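1. next input, structure requested:
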Amino acid sequence: MTSHLRDRIERRNAVVAVVGLGYVGLPLAVAFAEAGFRVKGIDIDARKVDAVNRRESYIEDVTTEALQSLPEPIEATTDFAVLAECDAVSVCVPTPLRKTGDPDVAYIIAAAGEIARYLHPGMLVVLESTTYPGTTTEVVLPRLTGNGAGLEVGKDFFLCFSPERVDPGREDWTTTTTPKVIGGTTPTCLEMGQALYGAALETLVPVSSTEAAEMAKLLENTFRAVNIAMANEVLLMCEKLGLDVWEVIEAAATKPFGFMKFTPGPGIGGHCIPIDPLYLSWKLKSLKFTARFIELADEINSSMPAYWVQQVQNRLNEVGKPVKGSEGLVLGVAYKPNIGDLRESPALDILHLLREKGAQIAYHDPYVPAFRHDGFELASVDELEPALGEADCVVIVTDHATYDWDEVRRLAPVVVDTRNALHNSA
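-> Numbering: from 1, shown residues only. Purely as a prediction, here's the structure:
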């Protein structure tokens, strides 16, 4: 099986499937296609499937021109039966949190169940979805070996975990150029995973197990969550001490060693930092261990939207206006600059909290023309300049490059600027 799969990979005869054509899956599918592989894209969203088959992109990191210039187009479908003709499959499905804060691996379970139906000798399966240590061997593997085919992992088929490292909107590091951690269920599995991914990506970082690869991903994002939380708490400390937090941070950042700059802001957003550390915390609770840094960081970061809404209330009080009935304008609702990604954006919490206090809320975001979230929907105001003049308070959340902040401050009567922590989100 190993020599057969390796030969197909080397000759670019291998057919590679990518399950989940979102911010992670579509760029990965493009990378495999650019490397000369025939690629099948699978997604339950027929709109994404239709767009890929039309060679039209719907995410910032993949241009329509890139899809149209592939040596062979990605063939997208909602039908998992195409896996029967595939040599390898990468799983890039969402791993959200339930409202209780527990990991929701339902998408992984569903994908693993579909793959199990079409698993065949010589097939490589790679999980990319961020999850807690043990998911690959405890959740995916039993479903693949329990399909009645009698296939043995590491001998008849191969299973790896290779965590995604996608930072939407980034141009200096891409799916192809970002070093890729990968771990195998067995040494042979790792060997096969490296053979495939090494054919499409520049740098691989092999580790001893799938659990090590899963933990490495969670460490990356826990590091960021904890340090952003510290920066947010420093903001609160400086406010109590009567200090300018930005002056303090910029001064500390001049140290050429032993310090890494993080900045405070409205909270944390995106597909990783607000969620991934809680996967690790949940796993450790099952081992009767409390991840205190993670839980404290989550508490601090989650409290920041309420802090900034209080600042809005304070600023309006200074000009003799209550929050209730005031016209509020939020600038930027995406979770980070220059993209349209709303996942876990703290701007949504700020909008909700201001609405609960009775403010009349509008927003402007050149990347998000409209959205629906938790029972309400809004559309971006068409003309920014008159909206700035009509608002009682403008709340700056996302630092899109299209905004002229001097002009915003000139036109808006009251400005609350929450920016900067979003630069640390990914």
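2. quick one: average confidence on stretch 179-194?
-> Across stretch 179-194, pLDDT averages out at 98.
3. which parts of that stretch are buried?
-> When burial is assessed from 16 or more other C-beta atoms under 10 Å, stretch 179-194 yields the following buried residues: 180-186, 189-194. No exception for glycine: its C-beta is placed from N, CA and C like everyone else's.
4. and if you look at stretch 292-305?
-> Quick answer for stretch 292-305 (16+ other C-beta under 10 Å): F293, I294, A297, D298, I300, N301, M304, P305.
5. which one of those residues is nearest G150?
-> Set against G150, the nearest of the buried residues of stretch 292-305 by C-beta to C-beta is I294 (40.9 Å).
6. mind checking which of the buried residues of stretch 179-194 land in helices?
-> Using DSSP state H, the subset of those located in helices is C189, L190, E191, M192, G193, Q194.
7. quick one: the first one and D156 touch, right?
-> To tie it back to what came earlier, the one meant is C189. No: judged on C-beta atoms under 8 Å, C189 makes no contact with D156 at a distance of 11.2 Å.
8. would you map out the domains in this protein?
-> Domain ranges of the chain: 2-208, 246-424, per automatic domain parsing.
9. and D45, what does it touch?
-> Contacts for D45 (C-beta atoms under 8 Å, 6 or more residues apart in numbering) come out as L21, T78.
10. pLDDT wise, what is it at?
-> D45 is given a pLDDT of 97.
11. ditto for G146
-> 89.
12. now do the contacts for the closest residue to it other than its chain neighbours.
-> In this structure, G146 finds its nearest non-sequential neighbour in A116, 7.2 Å apart by C-beta to C-beta, 6 or more residues apart in numbering. Counting by C-beta under 8 Å, 6+ apart, A116 makes contact with R143, L144, G146, N147.
13. dump those to CSV, plus secondary structure, distance to S345 and neighbour count.
-> Output for the contacts of A116, formatted as CSV (DSSP: H, G, I helix; E, B strand; the rest coil; distance: C-beta to C-beta, whole Å; neighbours: other C-beta atoms under 10 Å):
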residue, secondary structure, distance to S345, neighbour count
R143, helix, 33, 18
L144, helix, 36, 20
G146, coil, 39, 11
N147, coil, 40, 16
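14. quick one on the thing from earlier: export the buried residues of stretch 292-305 to a markdown table and tack on distance to T398, pLDDT and secondary structure?
-> Listed next are these as a markdown table, based on distance: C-beta to C-beta, whole Å; pLDDT from 0 to 100; DSSP: H, G, I helix; E, B strand; the rest coil:
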| residue | distance to T398 | pLDDT | secondary structure |
| --- | --- | --- | --- |
| F293 | 27 | 96 | helix |
| I294 | 25 | 96 | helix |
| A297 | 21 | 96 | helix |
| D298 | 21 | 95 | helix |
| I300 | 20 | 97 | helix |
| N301 | 16 | 96 | helix |
| M304 | 14 | 96 | helix |
| P305 | 13 | 96 | helix |
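15. now for the residues you listed: which two are most distant?
-> Farthest pair in these, by C-beta to C-beta: F293 and P305, 21.2 Å.
16. what about T178, how many neighbours?
-> Look at T178: counted by other C-beta atoms under 10 Å, it has 17 neighbours.
17. same question but for V139, I mixed them up
-> 16.
18. with the one 10 residues further on instead?
-> By the measure other C-beta under 10 Å, the count of residues near A149 is 15.
19. next up, the contacts around the closest residue to it other than its chain neighbours.
-> Distance criterion C-beta to C-beta, 6+ apart; nearest residue to A149, sequence neighbours excluded, is L119 at 6.3 Å. Residues near L119 by C-beta under 8 Å, 6+ apart: L83, V125, L144, N147, A149, L151, F157.
20. ok, back up a step: mind putting the domains of the chain into JSON lines with distance to T222?
-> Listed next are these as JSON lines, based on distance: least, C-beta to C-beta, whole Å:
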{"stretch": "domain 2-208", "distance to T222": "11"}
{"stretch": "domain 246-424", "distance to T222": "4"}
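21. E171: neighbour count?
-> Neighbours around E171, by other C-beta under 10 Å: 8.
22. if anything else comes up later, I'll come back, but that's it for now.
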